[in-house]
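Need coordinates for the following:
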Amino acid sequence: MARTNLAFQSLANLDHATISRRLVSVIDYMATQGLDTVSFLHYLSWNLEIPGHMVSEQSTIRYARTALMHCEQLPGILKNWHKPPRGHERGVTTRGALNAMNEWAVDNVKARLNREMREFAPQLESPPEDMSEEYLLGIRLKDDIERMKTMMPTYWDIMDSLSCTPLQKKRRKTKDHEPRIFISGTILHYNRSQRRCRYQKFLSIYLKSCGLAAKANDTTHLFGFTMSQKWVYAGIVELSESNRRRMIDDIIRYVFFGGHDNLNIPFRVYEMRNDHQNHFDNGTCGTIYIVKDPTAIAPNRIAYMAQRAAGCQNPITARDVFMHEIAAGPRIREDHIYIIKKQLLLHPAFADWEHRTHPLFTRPDPVQQLPTGKEHATCQYMLDTVHMEEASQEGNRRVLQEWLRQLDLDGERALREPFLDRLIVWIGDQLTTVRIRSVKRDRSFDMNHRQRFEQFFEIYGWFHTQLNEEMTIRKQHYGTSENLGLKHAFNNMGRKSLHAAATVQGTFHYDFRSTLKHTAEARFRDIWATVSDVEDLADLTTFTPHALHELAVKIFEDFASTAAIEKVRKCPRAEQDDLLIQGVMFCRDVLNYLNFDDAMSTGDVGRMELMLPRLLFRFHGSGSHNYTHEVLEIMQGLWREWPDDLKSFLMRYCWLANTTGHENGFLAYDMVQEHNVRDIKVIFGAHGPYATWDYIKKISASIPTQRKLKDHVEHEFNHFRRGKSHTSPEHEGDVVLLQGKYREANAHVRKPGRHLPSDERIKDVFLAGCNPNTLEAMMKRWADGRVQDKSTTEDFDTPEMVLQRLDNLALNTRDAAAVDVMELEPQFVQ
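Prediction:
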C-alpha cells in the first residue's frame with residue numbers, strides 16, 4: 001500500500017501525455033511477453049492453475065494483487081469500468097463493462113440474499129406443535145425486526161431504499177415502514193418453506209379473532225399473508241386443547257374458583273325445512289379463575305361445614321344489622337361528602353383549579369383495598385360451552401357434573417389431596433345461586449359430600465346486585481315530568497329507551513348508570529349554586545378549600561340525608577314541600593348508589609361490606625325478596641358462618657375481578673361472565689351453517705387467548721393508531737340543560753305548601769326497609785327456611801360411584817370390555 005501511494009504521488013506531478021506514453025510502453029512490453037491486458041488480469045486474479053496442482057506463485061505477483069485489492073483507488077476503477085466517463089463531442093460511445101458488471105452484481109446480490117435467507121430461516125420456523133398462548137404472546141415484532149436488520153442486512157437495505165424516494169427518506173419522522181419490510185420478508189420465507197410460518201400462524205389467529213371471513217382468509221392465504229382456512233380451524237381447536245391442558249395443570253398448582261351463566265344463541269338456517277328452522281337454543285358457559293397469589297389459602301370444606309352448622313343455630317337479627325349500620329355511618333358520611341365535592345370538581349371551571357389536590361378534596365383512604373398491577377390481573381380459563389340449560393334445578397345439577405368432568409374432578413382424583421377437603425367457590429347470578437342451593441338441599445341425604453355437592457360454595461355476583469339496585473331506583477324515582485322524577489331527566493336528555501321496563505339484557509345497565517350519574521351531577525350543581533347563593537359555579541373557584549368543604553357538609557346534612565327528609569316531614573302538612581322532599585330523597589339514594597359503584601370500580605371491598613345494611617334496606621323496602629335474601633346470606637356468612645380463611649378468600653379474590661390490573665379497573669365476576677357470554681355469541685362467535693354446539697364447544701377454551709392476542713397485536717402493530725373503545729360523547733350539554741330545568745323549577749328551594757297529588761308522591765323505599773318490625777319478621781322467616789337436616793356420611797362405595805369408576809376406567813383404556821366388573825367391585829355384582 002505504501003509503494004502504491006508513492007507511485008501515485010510521483011505520477012501526480014506528471015502531465016497526462018507523459019502518463020499516456022508510459023501506459024503505451026507497458027502495453028507494448030506485455031505484448032513482447034505474449035500478454036495483453038485481459039490475459040494479464042486473468043492470470044493475476046488467482047488463475048495460475050495446472051491440472052492436478054496449483055503453481056506456487058511468486059511473492060511479487062501476490063504483492064501486486066494484494067495492493068490492487070486493497071487500494072483506495074479500486075472503487076473508482078470499478079466505477080469507471082462499470083460506467084466510463086462520457087466523451088463529449090468525440091462521436092464515440094464507450095460501454096465499458098456495464099453488462100458484465102451488472103450480471104456479476106446481480107449474481108453476487110442473489111448469493112448474499114440466499115445466504116441471509118438461510119441464516120434467518122430458523123427465526124421463522126414453527127413446528128406444528130407450536131400452538132399455545134405462551135407461543136403466540138411471546139412474539140415481539142420489534143425484537144424480530146432488529147434481528148432481521150442484523151441477520152439480513154442486504155435485504156433490509158434494498159427494501160428500505162425501495163420503500164421510499166431519497167426525498168421521502170429525508171422527510172421521514174416515523175418507522176412505520178419497517179413492519180411492512182419485515183412482513184414482506186416473512187412472506188418470502190413462507191414461500192420457500194411452509195415450516196417458516198411463525199408470523200403466518202400469528203396473523204391467522206389474530207385475524208380470525210377479529211372476525212375475518214373464510215373467503216377473505218383464502219385471499220390473504222393466496223398472498224402468503226396467512227395460513228389456509230383449514231389450518232385456521234385446526235389451529236383454533238389446538239389452541240383450545242392447549243388451554244385445557246394448562247387449566248388442568250394450574251388447578252393442581254394453584255387455588256381456583258369458577259362460575260357459569262346461561263347462554264341463548266340464535267341459530268339461522270339458509271333453507272328452511274320442517275326439521276330445519278331458525279330457532280333460539282339454550283346452553284351454558286363456564287369460567288375457571290386461577291389465583292396465582294402464593295399467599296392464597298384454599299378454603300377448607302370441613303371447617304366451613306362445621307361453622308355453618310353452628311351459625312345456622314345463631315342467625316343474625318335486625319339488631320345486628322342496625323348495629324353494623326351505626327358503626328359504618330361515620331365512614332359512609334365521609335364518602336358521601338367526598339362525592340358531593342367531586343360533583344363540583346366535574347364542573348369545567350374547576351378543571352384547572354389550583355386546589356384540586358388539597359387533602360380535603362382527595363378520596364378518603366380505602367377501608368380494604370384490593371391490590372393492582374399486572375401481576376394481580378385476573379387469570380381465567382373458559383370451560384367448554386355445553387348444550388345444557390341451567391335455568392332449572394336439574395339443569396344446574398347436570399351442568400355442575402359436567403364442569404367436574406372437564407376439570408377431571410369427577411373420579412378418584414377428587415378424593416385425593418389437594419382436592420379432598422377443598423371448597424370450590426362458585427359464582428353466578430341470583431337464579432343460579434338459588435338453583436345450586438336447591439340441588440344441594442334435594443341431595444342433602446346422599447351418601448357422601450360429592451353426591452351432596454358440598455364441595456361447591458355458591459355465591460352470587462355483585463353486578464346483578466347493582467343491576468337490581470338500579471331497577472329499584474328507577475321504579476321508585478321514575479315519577480312524572482311535572483314532579484321532576486327520572487322521567488323528566490330521560491325526556492330532557494333524550495334517553496328514550498329508559499322509559500321501557502328495566503331488563504337485564506341489552507344496554508340498560510350502561511345507559512341507566514350513565515344517566516343516573518349525569519342526573520346526580522345536575523342536581524348537585526344546582527344545590528351548590530343554591531347553598532352558596534351564586535349564579536355561576538365558576539365563582540366558587542375563589543372560595544378556599546375549607547369554605548367549600550363546609551358547604552359540602554351543609555349540602556349533605558340539608559339536602560342528601562334521611563335526617564334532612566325527616567326534618568321537612570316534621571313540619572305541619574300545610575308547610576311541607578313535596579317536591580323538595582323528593583329531591584332530597586333522590587340525592588340520598590343516589591349517593592348510596594354512587595358510593596357502592598365507586599367502591600366496586602376502585603376495588604375497595606371493605607367499603608362494599610359497609611354498604612350491605614343499606615342494600616338490605618333498599619331491597620327489603622322495594623319488595624325485592626330474592627336479593628333481600630341474598631344480602632342476608634352474605635351478612636350471615638360474614639358475621640356468623642364463614643371461617644376466617646373463607647371470608648378472607650372471598651373478599652380478596654372472589655368479590656371483584658381486574659382483568660387488566662389497572663387502577664379503577666375492577667368489576668364484578670358475574671360481569672366478567674357476561675363478557676364471556678358476549679364473546680361466545682358475538683365477538684368470537686361462530687356464524688353460518690356450520691355454527692353448531694359441537695363447534696362452539698371446541699373453540700370456547702381458546703377465547704381468552706384470542707382476546708389477549710388482539711390486545712397483544714394492537715400493542716405491537718397498532719398502538720399509536722386506534723384505541724380499544726369509542727370516544728364517549730361530551731355530557732356537559734346534557735348536565736347544563738338539566739341543571740337549568742332544576743333552577744327554573746326551584747327544585748332545591750323550600751316552598752312551603754308545594755304539594756303533589758298522593759298518587760305522584762314517591763314512596764321512601766329506604767325508610768320502609770328500615771322498619772324494625774317488618775325487617776325482624778322477614779329475617780325470622782328467612783332464618784327458619786335455612787335450617788335443614790342433612791347427612792354427614794362419607795361412603796364412597798356406592799353403586800353410582802362404582803359405575804363412575806367403570807366409566808372412567810373404560811374411557812382410559814379405550815376398551816370397555818377390558819374392565820372386569822367381578823374383579824373390581826364384587827359386592828355390587830351380587
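
Is it correct that Tyr478 is in contact with Gly485?
Yes - A contact is recorded between Tyr478 and Gly485 when judged using CB atoms under 8 Å, the distance being 5.6 Å. Just so you know, the C-beta spots here come from the backbone N, C-alpha and C atoms, and that holds for glycine as well.

what about this protein, any weak spots by pLDDT?
For the chain, the stretches with pLDDT under 70 are 1, 49-57, 87-94, 173-175, 274-276, 502, 504, 718-729, 798-830.

Assign the residue most central in space within it to helix, strand or coil.
Taking CA atoms, centre = their mean as the criterion, Thr659 is the residue nearest the geometric centre of the chain, at 5.2 Å. Secondary structure assignment for Thr659 (DSSP: H, G, I helix; E, B strand; the rest coil): coil.

what number of residues lie near the residue nearest to it when sequence neighbours are not counted?
The shortest distance from Thr659 to any residue that is not its chain neighbour, by CB to CB, 6 or more residues apart in numbering, is 5.2 Å, and that residue is Thr378. Here the neighbour count serves as a burial measure; for Thr378 (other CB atoms under 10 Å) it reads 21.

Tell me if I'm right that Thr378 and Ile288 touch.
No - with the criterion set as CB under 8 Å, Thr378 and Ile288 do not qualify as a contacting pair; they are 11.2 Å apart.

Would it be right to say that Leu263 lies in a helix?
No - under three-state DSSP, Leu263 sits outside any helix and is assigned strand.

That one is in contact with Gly286, isn't it?
No - counting by CB under 8 Å, Leu263 sits too far from Gly286 to count as a contact (10.0 Å).

re the thing from before, roughly how far does the residue nearest to the centre of the chain sit from Phe684?
Shown here: Thr659 relative to Phe684, a distance of 16 Å by CB to CB, to the nearest Å.

do Glu129 as well
23 Å.

ok, now Cys379?
As for Cys379, its distance to Phe684 is 19 Å (criterion: CB to CB).

the more surrounded of those two?
Counting neighbours by other CB under 10 Å for Cys379 and for Phe684 shows that Phe684 has the greater number, 23 against 17.

residues touching that one, list them.
With contact set as CB atoms under 8 Å, 6 or more residues apart in numbering, Phe684 has these partners: Ser209, Gly211, Ile699, Ile703, Gln706, Arg707.

Filter these down to the ones in strands?
Of the contacts of Phe684, none are assigned to strands by DSSP state E.

Drop anything exposed from these.
Among these, those scoring as buried are Ser209, Ile699, Ile703, Gln706, Arg707 (criterion: 16 or more other CB atoms under 10 Å).

Tell me where this protein has strands.
Using DSSP E, strands in the chain cover 49-50, 53-54, 255-267, 279-291, 379-382, 424-428, 456-460, 656-657, 667-668.

so can I have a markdown table of those showing distance to Leu370?
As requested, these are exported to a markdown table (distance: least, CB to CB, whole Å):
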| stretch | distance to Leu370 |
| --- | --- |
| strand 49-50 | 81 |
| strand 53-54 | 79 |
| strand 255-267 | 15 |
| strand 279-291 | 12 |
| strand 379-382 | 15 |
| strand 424-428 | 16 |
| strand 456-460 | 17 |
| strand 656-657 | 6 |
| strand 667-668 | 12 |
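
what about these, which gets the closest to Ser624?
Put simply, out of the strands of the chain the one that sits nearest Ser624 is strand 456-460, at 12.9 Å, with distance taken as CB to CB.

got the contact list for that closest one?
With CB under 8 Å, 6+ apart, strand 456-460 has contacts from 299, 304, 400, 423-430, 432-433, 436-437, 440, 630, 634, 646, 650, 654, 670.

so of those residues, which ones are in helices?
In this view, these that belong to helices under DSSP state H are Tyr304, Leu400, Gln430, Thr432, Thr433, Ile436, Arg437, Lys440, Glu630, Ile634, Leu646, Asp670.

which one of those sits closest to Lys215?
Nearest to Lys215 among these is Asp670, at 37.7 Å by CB to CB.

What is the burial count for Ala100?
12.

which residues of the stretch 301-450 of the chain fall in helices?
301-312, 318-345, 393-406, 430-442 (DSSP state H, counting those that start in this stretch).

Now tabulate those in TSV and tack on mean neighbour count.
Compiled in TSV, the helices of the stretch 301-450 of the chain are given as follows (neighbours: other CB atoms under 10 Å):
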stretch	mean neighbour count
helix 301-312	16
helix 318-345	17
helix 393-406	19
helix 430-442	19
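
among those helices, which is nearest Gly138?
Comparing those under CB to CB, the one sitting nearest is helix 393-406, at 26.8 Å.

Quick one: list the elements packing against that closest one.
Helices and strands touching helix 393-406, by 3 or more CB pairs under 8 Å, 6 or more residues apart in numbering; DSSP states H and E, are strand 255-267, strand 279-291, helix 430-442.

let's see it at 10 Å
In terms of contacts (3 or more CB pairs under 10 Å, 6 or more residues apart in numbering; DSSP states H and E), helix 393-406 is packed against helix 229-253, strand 255-267, strand 279-291, strand 424-428, helix 430-442, strand 456-460, helix 799-813.

Centre of the chain to it, how far?
What separates the centre of helix 393-406 from the centre of its chain is 27 Å, taken as CA atoms, centre = their mean, to the nearest Å.

Could you do stretch 211-218 as well?
Averaging C-alpha coordinates over stretch 211-218 and over its chain gives two centres that are 24 Å apart (CA atoms, centre = their mean).

quick one: contacts of that stretch?
Counting by CB atoms under 10 Å, 6 or more residues apart in numbering, the neighbours of stretch 211-218 from elsewhere in the structure are 203-204, 206-208, 219-220, 225-233, 682-685, 687-688, 690.
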